[in-house]
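Colleague: let's see this in three dimensions:
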Amino acid sequence: MGRKKKLINNTTIPQYQIEAIARCILPDILAFYESEEGQREFAEWQKQRLKTEHKES
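Modeller: Here you go, the predicted structure:
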């Protein structure tokens, strides 16, 4: 069995409220990244990230 990952919460917001918000917005985030627009934006982000990594090297 895997170990539970330790949560990092450096705010005054209770962890249960953060988790409740995450459960509400996760379906919308997943739907966006499965859409054509989301796929296009993700591909553009990856290109930009690679450019930045090459500049730093």
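Colleague: can you show me the helices along the protein?
Modeller: 15-34, 36-56 (DSSP state H).
Colleague: so how far is the helix or strand bottoming out on mean pLDDT in the chain from its chain's centroid?
Modeller: The weakest-scoring helix or strand in the chain, judged by mean pLDDT, DSSP states H and E, is helix 36-56 (a mean of 92). Relative to its chain's centre, helix 36-56 lies at 15 Å (C-alpha atoms, centre = their mean, to the nearest Å).
Colleague: same question, stretch 39-57
Modeller: 16 Å.
Colleague: could you export that stretch as CSV, CA atoms only?
Modeller: Output of stretch 39-57 as CSV, limited to C-alpha atoms (Å, rounded to 0.1, in the frame of the first residue of the first chain):
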residue,chain,number,x,y,z
GLN,A,39,-5.5,20.8,-26.1
ARG,A,40,-4.3,23.7,-28.2
GLU,A,41,-3.5,25.9,-25.2
PHE,A,42,-1.7,23.0,-23.5
ALA,A,43,0.4,22.4,-26.6
GLU,A,44,1.3,26.1,-26.7
TRP,A,45,2.2,26.1,-23.0
GLN,A,46,4.5,23.1,-23.6
LYS,A,47,6.3,24.9,-26.5
GLN,A,48,6.8,28.0,-24.4
ARG,A,49,8.1,25.8,-21.5
LEU,A,50,10.6,24.1,-23.8
LYS,A,51,11.8,27.5,-25.1
THR,A,52,12.3,28.7,-21.6
GLU,A,53,14.2,25.6,-20.6
HIS,A,54,16.6,25.9,-23.6
LYS,A,55,17.3,29.6,-22.8
GLU,A,56,18.2,28.7,-19.2
SER,A,57,20.6,25.9,-20.2
